[in-house]
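In: this one's sequence-less:
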DNA sequence: TTGAAGTGCATGCAAACGCATAAACCTTGG
DNA sequence: CCAAGGTTTATGCGTTTGCATGCACTTCAA
């Protein structure tokens, strides 16, 4: 029986591998009508927000440094997909929202990409596994709860 | 009951969120003794190979364009962590291997990082969930098998 | 009320990336 | 044996990223 530390590291490696493999696959398929995956990530996140969003809030959802995100938004604004205006309640702040064009583009790309996702995961996992994956993903993104019973054991293998 | 397409997209979003959240956490913790996570990915992959490896092989495991990988290896070679020499069997090719210093560095960083991984996943998932995650990850990275029973249904929500 | 510390976003700059393509080498059909 | 085409890695070049820092504004304590 593998120790819990080893178990966790194997799971992490499998997660990384799956992530990379699927990203490759999605990148290859022809969704992404001239929006990069990172840009789509931002468009998608904005599409889930009913009201304008601060850039710091966006930054919590998008894996990108704050300056990089700031400039990515720049480009989206310049291309007319995102609207950025000053926050009346906080002079430093900024409120971001999709323009109509932005919302339309997100839907277009999202529809195609959604089919890719459904095919890629749907053809590899059962419905129960899909539910397990979702549940596990949510737990991993959430706060650490159970007190780590990680026995402080020697692990020979260094992890990914 | 959610349709399978919706199920798959929710699972994918959870996977992405977990990935981003954990990467953030790992980046924050002080493993990474002057090697970036991408560099560590390469060092780790090389450490798993008994014999020298072609750069194309590396490229299958590391999520990075081939030119970017080529130059990343450049830097590692320059820093004395990786050894690159011509493949005697194929004049175009190249064989990569860790130097002793490289192997040592991988172990150092790997040990610290491994503890982070064990803590992060171990404190959020049960042993059974860890095993489920590993199994699911492996399936996702593998080839599509079961014939996609994705009903061609309308999905309202556009996916991440 | 006011000055000091804190927060939110943008900018300068060097490093790293992806795309297109070159360069060197293999392979295969004729 | 050779030319045509495929593979493997490297390089040119414009774009994007991260780090450090700046600027503007807010908050809070005295």
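Out: Noted; the coordinates are in hand. What you see is a predicted model; the values in this text were computed from it and never measured.
In: Secondary structure element for residue A:90, which one?
Out: If you go by DSSP states H and E, residue A:90 is not part of any helix or strand.
In: need the helices for chain A, in chain order.
Out: A:4-28, A:37-47, A:55-61, A:66-78, A:100-122, A:127-141 (DSSP state H).
In: of these, which approaches DNA strand D most closely?
Out: helix A:66-78 (3.0 Å; C-beta to the nearest atom of the strand). Every residue, glycine included, has its C-beta placed from N, CA and C.
In: for that closest one, the distance to its chain's centre please.
Out: Offset of helix A:66-78 from its chain centre (C-alpha atoms, centre = their mean, to the nearest Å): 17 Å.
In: That one vs chain B: in contact?
Out: No. If you take C-beta under 8 Å from any C-beta of the partner chain as the test, helix A:66-78 misses chain B, and the best it gets is 12.4 Å.
In: hmm, stretch A:115-125 in reach of chain B?
Out: Yes. Stretch A:115-125 reaches chain B (C-beta under 8 Å from any C-beta) through A:115, A:117, A:118, A:119, A:120, A:121, A:122, A:123, A:124, A:125.
In: Who wins on neighbours among the residues you listed?
Out: With neighbours taken as other C-beta atoms under 10 Å in any protein chain shown, the top of the residues of stretch A:115-125 next to chain B is residue A:121, carrying 29 neighbours.
In: For that one, list the residues it contacts.
Out: Taking C-beta atoms under 8 Å, 6 or more residues apart in numbering or on different chains as the contact definition, residue A:121 lies against A:22, A:130, A:133, B:8, B:11, B:12, B:140.
In: JSON lines for these, including distance to residue B:110, pLDDT and neighbour count?
Out: Putting these into JSON lines (distance: C-beta to C-beta, whole Å; pLDDT from 0 to 100; neighbours: other C-beta atoms under 10 Å in any protein chain shown) gives the following:
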{"residue": "A:22", "distance to residue B:110": "25", "pLDDT": "98", "neighbour count": "20"}
{"residue": "A:130", "distance to residue B:110": "32", "pLDDT": "98", "neighbour count": "24"}
{"residue": "A:133", "distance to residue B:110": "26", "pLDDT": "98", "neighbour count": "28"}
{"residue": "B:8", "distance to residue B:110": "33", "pLDDT": "98", "neighbour count": "30"}
{"residue": "B:11", "distance to residue B:110": "29", "pLDDT": "98", "neighbour count": "26"}
{"residue": "B:12", "distance to residue B:110": "29", "pLDDT": "98", "neighbour count": "27"}
{"residue": "B:140", "distance to residue B:110": "24", "pLDDT": "98", "neighbour count": "25"}
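In: quick check, nearest of those residues to residue B:56?
Out: Nearest to residue B:56 among the contacts of residue A:121 is residue A:22, at 20.7 Å by C-beta to C-beta.
In: Include pLDDT when you put the residues of stretch A:115-125 next to chain B into TSV, please.
Out: Shown next, in TSV, are the residues of stretch A:115-125 next to chain B (pLDDT from 0 to 100):
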residue	pLDDT
A:115	97
A:117	97
A:118	98
A:119	97
A:120	97
A:121	98
A:122	98
A:123	97
A:124	98
A:125	98
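In: just to revisit the earlier point, from the contacts of residue A:121, which is closest to DNA strand C?
Out: residue A:22 (15.4 Å).
In: ok, and the closest non-adjacent residue to residue A:10?
Out: Spatial nearest neighbour of residue A:10, chain neighbours left out: residue B:134 (5.1 Å); criterion: C-beta to C-beta, 6 or more residues apart in numbering or on different chains.
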